[in-house]
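Visitor: With the input below, show me the fold.
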Amino acid sequence: MNPVSIGEYHGLRVGSALLSIVAGCIIIGVSRECDADAVGGIFLGAGGLGLLISIFPFIKAWLNINNIFPSFGKFCRVVHRFCHDIYDILAS
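Guide: This is a model prediction of the structure:
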């Protein structure tokens, strides 16, 4: 098996999160019962969280939040640590 590059890995993470969001929208769109709506909501939530975890470092670097708004940058660091903790829990 060939090793996967970092770019491919991040692409897979973002792609799977977007696919989860699309699947959640489709499930909610075609469902007629509350149970199916709940499943679609789970897909949307998981996809949204996965997308946030995947792209947050890139957004943070692009906006350079720490230099613009120092207090908001501190908040973002807390959110970033929280997202990484959730990712570590889910990955184990």
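Visitor: Going by neighbour count, list what's buried in the longest helix seen in the chain.
Guide: Across the chain, the longest stretch assigned as helix under DSSP state H is helix 34-63. Under the neighbour-count criterion of 16 or more other C-beta atoms under 10 Å, helix 34-63 has 39-40, 43-44, 46-47, 49-51, 53-54, 60 buried. Every residue, glycine included, has its C-beta placed from N, CA and C.
Visitor: mean confidence for that helix?
Guide: Across helix 34-63, pLDDT averages out at 78.
Visitor: on that earlier part again, columns distance to Val4 on top of the buried residues of helix 34-63, output as TSV?
Guide: Listed next are these as TSV, based on distance: C-beta to C-beta, whole Å:
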residue	distance to Val4
Val39	30
Gly40	30
Phe43	25
Leu44	27
Ala46	22
Gly47	21
Leu49	22
Gly50	17
Leu51	20
Ile53	18
Ser54	15
Lys60	24
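Visitor: Name the residues that touch stretch 83-92?
Guide: By C-beta atoms under 8 Å, 6 or more residues apart in numbering, the residues outside stretch 83-92 that reach it are 49, 52-53, 56.
Visitor: Val39 against Val30, yeah?
Guide: No - between Val39 and Val30 there is no contact under C-beta atoms under 8 Å: 11.5 Å.
Visitor: Can you tell me the SS state at Arg32?
Guide: Here Arg32 is recorded as coil under DSSP: H, G, I helix; E, B strand; the rest coil.
Visitor: Relative to Cys25, how far out is it?
Guide: 15 Å (C-beta to C-beta, to the nearest Å).
Visitor: before we move on, what about Tyr9?
Guide: In terms of C-beta to C-beta, Tyr9 sits 25 Å off from Cys25.
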